[in-house]
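>>> I would like to see how this sequence folds:
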Amino acid sequence: MDDRIRSQVATALLALVAGIAVPGCRHSARPAKAAVDSVAVDSTLSHAEDTTSSGDSSAAGPTDTTAVRKEAPAPPPPPLSPLADSIAQYMVFVPATQTWFIVASRAKRVLLDLGRVDADVKTKPHRHTAYLEAVRKLSPVPIGTHFRLFTSSGTSDVTVKGFDVWNGRVVATLTAPHEIDSIGRAAPLFVASAERMDSTRADSLRRADSAARADTVTGGHPDSAKAPADTCRRGDVPDSLRSRVLAVRDSLILWLDSLPPPPYQRLVKTEKPQWSTIVGCFGGARRIALAVDLRAGNNEWIRERVVLIDTLGAVTTLRVSDLRFKGHDLLMALDADGDGLDDLATRGFAEAAGGITILKLTDKNRLVRLAGGFAWESR
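This is a model prediction of the structure:
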């Protein structure tokens, strides 16, 4: 009996290998070609499903027609001319991510500071043309960029229309409202802050301005509650506070002079006080900003204190954070970021250097740099 069973099993195995059906066997054998085709189909499906299979297999998976076609990379910018490329080596721009900029009037034009160029690009026309080529192709602020301009008289929208150079500075020329151009031509001093705008924020600000104008015309919604406007007026120090301001100034000079002197005798001989004051709306009853400095040498050593004085003569001391500039002349008060409080436009000083900076007044009695530009050095 056992020999017969072993004989049947051996016969069935031989039949399966040869592709012959065996009577009485539970599984019928397929033809040899069908078996080979089945193996090929299974192999193809396994490669289509398993994308991590080794690349030495001869079976290729089906083409995926649903894949998103990748866009071709943008072509590189056109190269600079040899002279423009040479000048570009001496140019330094502001960071591409910078948001706040300084705007000032120079030669009766309103200009926006973008960086510096350490080469003579003004005296020879062909060098100036090459310089403009380099700026147009390399500037992080291209032509057509929109800015919201904050001045002492309000806000305006301006657009970059071109580039130029001023006293070693890379500057942008602006398309601005007529009143801004008029101030730039006529005012002896004009400083403003400019916030770079993307299209979304520019549209939202335009809608907000339109809504504000509509509220002004219609008187606003009766249910809307708005904070009362500050009636502070910028200008000169009121006569009633002039004596108080002079007394605070003298007190600050005496206090600064009582501190340790400069470390070198040559600096002690050149030590002298400097002071400046402006009137603005600094929150509450604080109306006057006063900066008092002791400076020595070519501004090698500077010690400074800045305070605010309210209408009753009370004094608030401010801490100043303005990077390398340790001394300041106060130029004007303006709401430089639209938060309702005045900030300070100043001329900052360091050793053999200076520049225009806007110091933002925070709610912690601190002045921090919002923007800087139009810097200069004398070596």
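>>> contacts and neighbour counts: CA atoms only from here.
Noted.
>>> shaky segments in the protein?
Low-confidence segments of the chain, defined by pLDDT under 70: 1-71, 74-75, 77-78, 199-231, 379.
>>> mind redoing it with 80?
Judged against pLDDT under 80, the low-scoring parts of the chain cover residues 1-78, 199-236, 379.
>>> how is it carved up into domains?
For the chain, whose domains are defined here by automatic domain parsing, the residue ranges read 2-41, 82-201, 239-377.
>>> how far is the second one from where the chain is centred?
What that stands for is domain 82-201. Taking C-alpha atoms, centre = their mean, to the nearest Å, one finds the center of domain 82-201 at 15 Å from the center of the full chain.
>>> distance of the spatially most central residue of the chain relative to residue 259?
The C-alpha lying nearest the average C-alpha coordinate of the chain belongs to residue 98 (C-alpha atoms, centre = their mean; 1.9 Å). According to C-alpha to C-alpha, to the nearest Å, residue 98 stands 38 Å off from residue 259.
>>> can you check residue 97 too?
Taking C-alpha to C-alpha as the criterion, residue 97 is separated from residue 259 by 41 Å.
>>> buried set for stretch 128-138?
Under the neighbour-count criterion of 16 or more other C-alpha atoms under 10 Å, stretch 128-138 has 128, 130, 131, 132, 133, 134, 135 buried.
>>> list the contacts for the second one?
If a contact means C-alpha atoms under 8 Å, 6 or more residues apart in numbering, then residue 130 has 81, 83, 84, 87 as its contacts.
>>> export those residues as a markdown table, with columns for neighbour count.
Putting these into a markdown table (neighbours: other C-alpha atoms under 10 Å) gives the following:
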| residue | neighbour count |
| --- | --- |
| 81 | 12 |
| 83 | 15 |
| 84 | 21 |
| 87 | 23 |
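>>> mind putting those into CSV with distance to residue 160 and secondary structure?
Rendered in CSV, the data for the contacts of residue 130 read as follows (distance: C-alpha to C-alpha, whole Å; DSSP: H, G, I helix; E, B strand; the rest coil):
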residue, distance to residue 160, secondary structure
81, 24, coil
83, 25, helix
84, 21, helix
87, 22, helix
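>>> farthest pair within these?
Every pair in these was compared (C-alpha to C-alpha); the two farthest apart turn out to be 81 and 87, at 10.0 Å.
>>> residue 377 contacts residue 352, doesn't it?
Yes - using C-alpha atoms under 8 Å as the test, residue 377 is close enough to residue 352 to be in contact (5.8 Å).
>>> more neighbours, the two?
Remark: of residue 377 and residue 352, residue 352 carries more neighbours, 13 against 10, as counted by other C-alpha atoms under 10 Å.
>>> residue 183: what secondary structure?
Here residue 183 is recorded as helix under DSSP: H, G, I helix; E, B strand; the rest coil.
>>> so who does residue 317 touch?
305, 306, 307, 308, 365.
>>> which of these count as buried?
Judged by neighbour count, with 16+ other C-alpha under 10 Å as the criterion, the buried members of the contacts of residue 317 are 305, 306, 307, 308.
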